[in-house]
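Peer 1: Okay, sequence plus prediction incoming.
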Amino acid sequence: GTKKILQLAQYASGGALNISGVSGSLARQLQIDELAYADTASKFKASGIKLVWRPWSLLHKQLELESLEVSSIKLASAPDPTPTQIPENLQLPIALHVKSAAIGSLLIADLLPDGNEHAIVKLTAITASLSSTDFQHKIAGAVSSPWGALQLQTVIEASKPFKLKGEFSYRGQLNPAMPNLGIQGSAQGSLLELSLQGKAIADQAVPSATSPKAAVLQGGFETVLTPFSSQPIRSLQADIAGLNPADFASSAPQAQLHVRANLSVQPVKPGAEKKPAGMIPPEALIGHIAIENTQPARIDQQGLPLLSFDSDLHWDQSLIELKGTQLKLPGNGKVSGSARIQLAAIGLPLLESRFDLSGINLAQIDKHIQASNISGSLQAQTRSTNQGDTNQGDTILTLQTRLTEPRASLNAQASYQINAAADVLKLEKFELLS
């Protein structure tokens, strides 16, 4: 009877559903070697399926699964450019209880127009349990990814605004060059506005010849997210100490950085133009970022010659502005200015910046350079030659600098054209007086 029912399901799908290697019975335990479904917008394939369930629980308007095991799942779907919308509800037709579920691997891919698949991410060692009613879902699970392992427990209501409360833990490497990180955190709020808090601690760093006082990365963060809005990050406060760039990349300099950030969404001040009546004022992520280096050192010491970095941040969709930016360097060196970074849908970001320099002693940056006292300005701009919605074009970086030192002065301008065939550097002006 089981095989006949599954054959009928395949026939009713018009050939979209294919099931093979069936054994066992729908009455208690069922095994399927492979189950595949394909249509014009998606493909699904599961292998090594083993299901143990209680079908008679359906008489009580609930579905009880004792265990569900799947060796591998591959899911491919056509990309959808429309923004994700919050669902109307998360209620299931009947109550669902899953005592134990396990998936060996889950491959998620884009389905290309020619029918081929482009892999996006592969998740492994997925385990979960679920208890669902008309009112709420209780979920506990774990998953491993290329970036680390995540465990979570949460309770979420089935109707808007989908209030939830849960805990999570993460451990792993976001990048192979990075140290192992651990994060313990909690989540509360709803899917409309979610608050996350977490504390991050890295594995104990091992002292070395270049970093004899290796510190442990530690700190915490709080953030409020609105996942279904145009500005998903509503606020972010972070305080992280013991950050060493050399722990993340072997070629990076040694340092001990203390990073603080305090950002929140605020209305953008209206310009001179009038807005239509009833129009929601635009919002931007605005705040301050500060970085302090407690162990500055020269480049020839494999260090970072930076004392501190302070800047106001204004992030309005694709536009990032750094305002009132100040860098302090060893030997009373200072760099101050501002920058505008326009993120482009195609190609490299567009940059417009100006920074003023004072008291720059190059010997404090690298001992192989002669001592100096440099002041002046540095400007940088980029522009793109892309035409329309294509990536056929170049990015041109233009630099202008005016520098003075008690023994000399420099006035120069250069452009650097980034081209797929060959990059081109042009020195358009070079005036050196001594």
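Peer 2: Structure's in. What do you need?

Peer 1: Where does pLDDT dip in this structure?
Peer 2: 174-179, 201-216, 248-249, 269-281, 345-347, 386-393, 420-421 (pLDDT under 70).

Peer 1: quick one, helices of it?
Peer 2: 2-12 (DSSP state H).

Peer 1: Compute the number of surrounding residues for the residue nearest to residue 337 when sequence neighbours are not counted.
Peer 2: Nearest non-adjacent residue to residue 337, counting by Cβ to Cβ, 6 or more residues apart in numbering: residue 355, 3.3 Å away. Where you see a C-beta, it was placed from the backbone N, CA and C, and this is true even at glycine. By other Cβ atoms under 10 Å, 18 other residues sit near residue 355.

Peer 1: what's the answer for residue 152, then?
Peer 2: What residue 152 shows, counting by other Cβ under 10 Å, is a neighbour count of 17.

Peer 1: I'd say it and residue 166 touch.
Peer 2: Yes: using Cβ atoms under 8 Å, residue 152 is in contact with residue 166, at 6.0 Å.

Peer 1: Against residue 322, how distant is the residue nearest to residue 337?
Peer 2: Distance of residue 355 to residue 322, given as Cβ to Cβ, to the nearest Å: 10 Å.

Peer 1: Common neighbours of the two, please.
Peer 2: residue 339 (Cβ atoms under 8 Å, 6 or more residues apart in numbering).

Peer 1: I'd like to know how far the nearest residue to residue 220 once chain neighbours are set aside sits from residue 219.
Peer 2: With Cβ to Cβ, 6+ apart as the criterion, residue 220 has its nearest non-adjacent residue at 4.5 Å, and that residue is residue 199. The gap separating residue 199 from residue 219 is 7 Å, by Cβ to Cβ.

Peer 1: More neighbours: those two, which one.
Peer 2: Set residue 199 next to residue 219 and count neighbours by other Cβ under 10 Å: residue 219 wins out with 18 against 12.

Peer 1: Now the terminal residues of stretch 297-309, how far apart.
Peer 2: Stretch 297-309 has its terminal residues 15 Å apart, counting by Cα to Cα, to the nearest Å.

Peer 1: Run the chain-centre distance for it.
Peer 2: 28 Å (Cα atoms, centre = their mean, to the nearest Å).

Peer 1: try stretch 160-171
Peer 2: With Cα atoms, centre = their mean, you get 18 Å for stretch 160-171.

Peer 1: Please spell out which residues along that stretch are buried.
Peer 2: The neighbour-count criterion (16 or more other Cβ atoms under 10 Å) identifies 162, 164, 166, 168, 170 as the buried residues of stretch 160-171.

Peer 1: Same check on stretch 133-142?
Peer 2: Neighbour-count burial for stretch 133-142 [16+ other Cβ under 10 Å]: 136, 137, 139, 140.

Peer 1: Specify which member of those is nearest to residue 431.
Peer 2: Using Cβ to Cβ, residue 139 comes nearest to residue 431 of the buried residues of stretch 133-142, at 67.4 Å.

Peer 1: Let me know whether that closest one touches residue 152 as I believe.
Peer 2: Yes: between residue 139 and residue 152 there is a contact at 7.5 Å, judged by Cβ under 8 Å.

Peer 1: Surely residue 134 is in contact with residue 91?
Peer 2: Yes: between residue 134 and residue 91 there is a contact at 6.0 Å, judged by Cβ under 8 Å.

Peer 1: what sits in contact with each of these two?
Peer 2: With Cβ under 8 Å, 6+ apart as the test, residue 134 and residue 91 both reach residue 158.

Peer 1: How much space separates the residue lying closest to residue 192 once chain neighbours are set aside from residue 316?
Peer 2: Sequence neighbours aside, residue 161 is the residue nearest to residue 192 in space, at 4.5 Å (criterion: Cβ to Cβ, 6+ apart). Using Cβ to Cβ, residue 161 is found at 26 Å from residue 316.

Peer 1: Can you tell me how far residue 375 is from residue 227?
Peer 2: In terms of Cβ to Cβ, residue 375 sits 48 Å off from residue 227.

Peer 1: Repeat that for residue 398.
Peer 2: In terms of Cβ to Cβ, residue 398 sits 39 Å off from residue 227.

Peer 1: partners of residue 340 in the sheet?
Peer 2: residue 321, residue 352 (DSSP bridges).

Peer 1: go on, residue 106?
Peer 2: The partner residues for residue 106, given DSSP bridges, come to residue 73, residue 123.

Peer 1: residues contacting it?
Peer 2: Residue 106 neighbours (Cβ under 8 Å, 6+ apart): 72, 73, 74, 75, 122, 123, 124, 126.

Peer 1: and what of residue 259?
Peer 2: Contacts of residue 259 (Cβ under 8 Å, 6+ apart): 219, 238, 239, 240, 241, 243, 289, 290, 291.

Peer 1: if we can go back for a sec, residue 324 is in contact with the residue nearest to residue 337, correct?
Peer 2: No: with contact defined as Cβ under 8 Å, residue 355 and residue 324 do not form a contacting pair (11.8 Å).

Peer 1: Can you work out which residues contact both of these two?
Peer 2: residue 336.

Peer 1: residue boundaries of the strands in the stretch 251-400 of the chain?
Peer 2: 257-267, 283-293, 308-316, 319-329, 333-342, 350-360, 374-384, 395-405 (DSSP state E, counting those that start in this stretch).

Peer 1: Could you export the fifth one as PDB, CA atoms only?
Peer 2: Written as PDB, here are the backbone C-alpha positions of strand 333-342 (Å, rounded to 0.1, in the frame of the first residue of the first chain):
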ATOM      1  CA  GLY A 333      51.100  63.600  14.300                       C
ATOM      2  CA  LYS A 334      47.400  64.300  13.400                       C
ATOM      3  CA  VAL A 335      45.200  63.600  10.400                       C
ATOM      4  CA  SER A 336      41.700  65.100  10.200                       C
ATOM      5  CA  GLY A 337      39.000  65.300   7.600                       C
ATOM      6  CA  SER A 338      36.000  63.600   6.100                       C
ATOM      7  CA  ALA A 339      35.000  61.100   3.400                       C
ATOM      8  CA  ARG A 340      31.900  60.100   1.400                       C
ATOM      9  CA  ILE A 341      31.600  56.600   0.100                       C
ATOM     10  CA  GLN A 342      28.900  55.800  -2.400                       C
END
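
Peer 1: Return the set of buried residues in that strand.
Peer 2: 333, 335, 336, 337, 339, 340, 341.
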